[in-house]
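Undergrad: got a predicted model here, sequence first, then my questions.
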Amino acid sequence: MSTVQVDTINESTTGSGVTVDGVLIKDSTISSSSITGLTDGVDFSVQQFRLTSNNTTGGDITSGWEVPDGTLQANFGNNVSESSGIFTFSKTGFYKISFFGTIHNSNEIEADIRIQATTDAFSSVDDIVALATQRIRDTDDGSSVITSTILDITDLTNHKVKFKWSELVGSAILLGNTGYNRTFVEFMRLGDT
């Protein structure tokens, strides 16, 4: 195999661009038809999943997740998928994971939201990696609470996360909505592990 070393490659015909291994580069851009040929060019990704309806039971949130689909809403990447409240990764890397909860009460309450992680697909390991607690004193009021963590995902079979909430005092509702984000989670892939 030979190596060609040059400082600049110019187009032979002005305006045509340069093709490298089947990928056309023209005016510092790659044509969209060539992007499908790239196997691992984008390291960063951001995905959201929202709770579609209110949850009054507490515990693991095992249903009601959807990808936001409102006006202009989009996910950038598809490295995370959800099934029965378990979130699985299809690409290793460092991920910032955030949980945004909106809690409503009918009396004085204390509630928390949690991010749980596992190294064995939740067969025995179920560790809290982030937790935020909110106390609401006013009747018929509500509040938002946020927690986040950064995880190093190296095992696509066993490294997984799930989300949980608990009523510590009183009677609370974790608010969801299918039209816009009220309670939602976000996965941001920061780069390679």
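TA: Structure received.
Undergrad: residue ranges with poor pLDDT in this structure?
TA: 27-42, 138-141 (pLDDT under 70).
Undergrad: let's see that with 90 instead.
TA: Applying pLDDT under 90 to the chain flags residues 1-44, 57, 104-111, 134-143, 167-172.
Undergrad: how about the helices of it, start to end?
TA: For the chain, the helices defined by DSSP state H cover 32-35.
Undergrad: and residue 86, how many neighbours?
TA: 17 (other Cβ atoms under 10 Å). Yep, even glycine has a C-beta here, placed from its N, CA and C like the rest.
Undergrad: that one against residue 163, yeah?
TA: No. If you go by Cβ atoms under 8 Å, residue 86 and residue 163 don't touch, sitting 9.9 Å apart.
Undergrad: distance check, residue 43 against residue 175.
TA: As judged by Cβ to Cβ, to the nearest Å, residue 43 and residue 175 stand 34 Å apart.
Undergrad: then residue 93?
TA: Taking Cβ to Cβ, one finds residue 93 at 31 Å from residue 175.
Undergrad: same thing with residue 142?
TA: Distance of residue 142 to residue 175, computed by Cβ to Cβ: 7 Å.
Undergrad: what residues are shared contacts of these two?
TA: Here residue 142 and residue 175 share the contacting residues 102, 103, 104, scored by Cβ atoms under 8 Å, 6 or more residues apart in numbering.
Undergrad: can you pick the most crowded of those?
TA: Counting by other Cβ under 10 Å, top hit in these: residue 103 with 23 neighbours.
Undergrad: nearest spatial neighbour of residue 155, skipping sequence neighbours?
TA: Excluding its sequence neighbours, the residue lying closest to residue 155 (Cβ to Cβ, 6 or more residues apart in numbering) is residue 119, at 7.1 Å.
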